[in-house]
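Engineer: here is a sequence with its predicted model. Questions after.
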Amino acid sequence: MRLALDYESGQPLYVQIGGHFRDAILSDNLRPGVRLPAVRALAASLGVNRATVESAYAELVAEGLVASRQGSGFYVLAHAPGEPAAASRSGGWPAWQGRLRYGGYEAMSAYLPEVSRQTDWIALDGGACDPRLFPMDEFRRLLGQVMRRDGAAAVEYGEIGGYRPLRATLAQVLASQGVQTSADSILITAGSQQALSLVAALLLAPGQGVVAERPTYAGALDVFRARGLAIHTVGVDEDGMDVDELEQILERHRPGLIYTIPNFHNPTGACLDGQRRRRLISLAGRYDVPILEDDYVGDIRYEGRAQPTLKSLDPDGRVIYVGTFSKMLIPGLRVGFVVADGPVYDHLLRSKRCHDLATCNLIQRALRDYVSVGRYHAHLQRSCTVYRRRRDAMLAALERHMPAGASWVRPRGGLFVWVRLPEGMKASEVLPMACKEGVVFAPGGNFHLDPAEGEGCIRLNFASSSEEVIEEGIRRLGRAMGGE
Ligand SMILES: Cc1ncc(COP(=O)(O)O)c(C=O)c1O
């Protein structure tokens, strides 16, 4: 038992032992029903008398936190939710903790109490794909195979930049998408979220300007806010970023980075059209500003022709390209990557070392095997077929159940439908009613710098639920909006 007793403090040992368990119980680290360590064993491991431990436990019993069961030991009781353990500390938190500042913001929680009480609630608010499609058995076999084949090498830190064969495989995959690169320009990261964070920290000092779409991915806004950046937003329509507005921003504010999601934009689903892509590259050249291209679901296409990546249109290493396995495979692998050139790459590498030394070696090796034998490609095709059907199911359900005045655009890929609510209806007001009906969505405000600007929209994920669940979810949503 790792419980450090302080013999200098003057506080009796039984009070210290009791305090440790009290904190753990009140903070729910020790859940109701858990058995406390046996008195004799705990006394021996702490080097104290049994009577000391017994006194500590007696106090907890007297406080109603623990009960003794004849012959079986002491068990944690359910306690009323309320005061967190911190509040039970005699002196509160040390003063320096009052100076902590996190610049991010808390997205509006969709998990309202009404929802958590329902057993059949439907979640259309998520940002991920369907974990049930993940090839669990195949991946488990690959992990075993990698451990047998590579032995200790598979569980060492590995190269900072990432497992080289995975980077080489990725270079081939990217080449098929028109991005000519090599393993030496690819850095494997802990999801693309880490990539966004590393790039922002490398290129921008607090107070500097960054351009982001309006609306945009909430996690990117989080990164930019936490870094204390000046965020300039540029509108998005069906053809992606409004490049005329971008030009005005570049002229007026001279920002240090343009962040964009050109394919199946999160949250609107828009794709940047070909001409705008070229204009964006040329503007970035004229104003000498780098572009951070977030291609989080570029592969998940249901129809239409793919546009070239910005990276492939970039003649002089201005575009930093970010991708991920989270959406197409599963987010829990935490494998994303950055493609960057020259000094940017070298600095990102150093920064990565400061953050976590390297991304999980074992997972990278299994992933490399999965991708290189063509299974990834087959999985991609299978998943796209399923997600296309689900998209169509959601579009059909929206037609059936949305009230007059609601509108949406058919996404040609990705995971989301972005719905504009009828005039005057607010996402923050619909959400509690939807929760009562047993369905949740992502309110538009989560994707805006000023949440009030997103009140007229909601984002629905069609990829993570079956067609039947989608139909029922949209029916409930329609009811929450006052229909049927
Ligand atoms: C647009 C976009 N970029 C990046 C990410 C980060 O994903 P991950 O860190 O799992 O790769 C997300 C996650 O939702 C996203 O929607």
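Structural biologist: Thanks, I have it.
Engineer: the stretch 101-250 of the chain: strands as residue ranges?
Structural biologist: For the stretch 101-250 of the chain, applying DSSP state E, counting those that start in this stretch gives strands covering 122-123, 186-189, 209-214, 230-237, 240-241.
Engineer: hey, which of those strands is tucked in deepest?
Structural biologist: Comparing the strands of the stretch 101-250 of the chain by mean neighbour count (mean count of other C-beta atoms under 10 Å), strand 186-189 ranks first with a mean of 27. Glycine gets a C-beta too; all of them are placed from N, C-alpha and C.
Engineer: tell me what it is packed against?
Structural biologist: Contacts defined by 3 or more C-beta pairs under 8 Å, 6 or more residues apart in numbering; DSSP states H and E place strand 186-189 against helix 164-175, helix 191-203, strand 336-339, helix 342-356.
Engineer: which ones are touching residue 375?
Structural biologist: Residue 375 makes contact with 135, 138, according to C-beta atoms under 8 Å, 6 or more residues apart in numbering.
Engineer: about what we covered before: what's the most buried one of the helices and strands packed on strand 186-189?
Structural biologist: strand 336-339 (a mean of 25).
Engineer: isn't residue 368 up against residue 165?
Structural biologist: Yes. Using C-beta atoms under 8 Å, residue 368 makes contact with residue 165 at a distance of 5.1 Å.
Engineer: dump the residue contacts of residue 348.
Structural biologist: Applying C-beta under 8 Å, 6+ apart to residue 348 gives the contacts 187, 198, 199, 202, 338, 340.
Engineer: excluding chain neighbours, what is closest to the second one?
Structural biologist: The shortest distance from residue 198 to any residue that is not its chain neighbour, by C-beta to C-beta, 6 or more residues apart in numbering, is 5.1 Å, and that residue is residue 351.
Engineer: name the residues of stretch 45-65 that come out as buried.
Structural biologist: By neighbour count with 16 or more other C-beta atoms under 10 Å, stretch 45-65 contains the buried residues 46, 48, 52, 53, 54, 55, 56, 57, 59, 60, 65.
Engineer: what does stretch 460-474 give?
Structural biologist: 460-465, 467, 469-474.
Engineer: is that stretch anywhere near the ligand?
Structural biologist: No. Counting by C-beta under 6 Å from any ligand atom, the ligand has no neighbours in stretch 460-474; the shortest distance is 10.2 Å.
Engineer: burial of the residue of the stretch 1-150 of the chain at minimum distance from the ligand, as a residue count?
Structural biologist: Closest approach between the stretch 1-150 of the chain and the ligand, counting by C-beta to the nearest ligand atom: residue 127, at 3.7 Å. A count of nearby residues for residue 127, using other C-beta atoms under 10 Å, gives 20.
Engineer: ok, it - contacts?
Structural biologist: Contacts for residue 127 (C-beta under 8 Å, 6+ apart) come out as 266, 415, 442, 461.
Engineer: repeat that for residue 171.
Structural biologist: Residue 171 makes contacts with 181, 182, 183, 185, 186, as judged by C-beta under 8 Å, 6+ apart.
Engineer: let's go with 6 Å and repeat that
Structural biologist: Contacts of residue 171 were listed using C-beta atoms under 6 Å, 6 or more residues apart in numbering, and they are 181, 182, 183.
Engineer: how about the nearest residue to the last one, chain neighbours excluded?
Structural biologist: Setting aside the residues directly before and after it, residue 183 is nearest to residue 167 in space (C-beta to C-beta, 6+ apart), at 3.8 Å.
Engineer: likewise the second one?
Structural biologist: Nearest in space to residue 182, with sequence neighbours left out and distances taken as C-beta to C-beta, 6+ apart, is residue 171 at 5.3 Å.
Engineer: residues from the chain in reach of the ligand?
Structural biologist: Contact residues, the chain versus the ligand (C-beta under 6 Å from any ligand atom): 127, 191-193, 217, 219, 261, 266, 294, 296, 324, 326, 331, 336.
Engineer: how close does the residue lying closest to residue 218 once chain neighbours are set aside sit to residue 437?
Structural biologist: Nearest non-adjacent residue to residue 218, counting by C-beta to C-beta, 6+ apart: residue 446, 4.9 Å away. Distance check for residue 446 against residue 437: by C-beta to C-beta, to the nearest Å, it reads 20 Å.
Engineer: tell me which of these two has more neighbours.
Structural biologist: Comparing residue 446 with residue 437 by other C-beta under 10 Å, the one with more neighbours is residue 446, at 23 against 20.
Engineer: wait, is the more buried one part of a strand?
Structural biologist: No. With DSSP: H, G, I helix; E, B strand; the rest coil as the criterion, residue 446 is located in helix rather than a strand.
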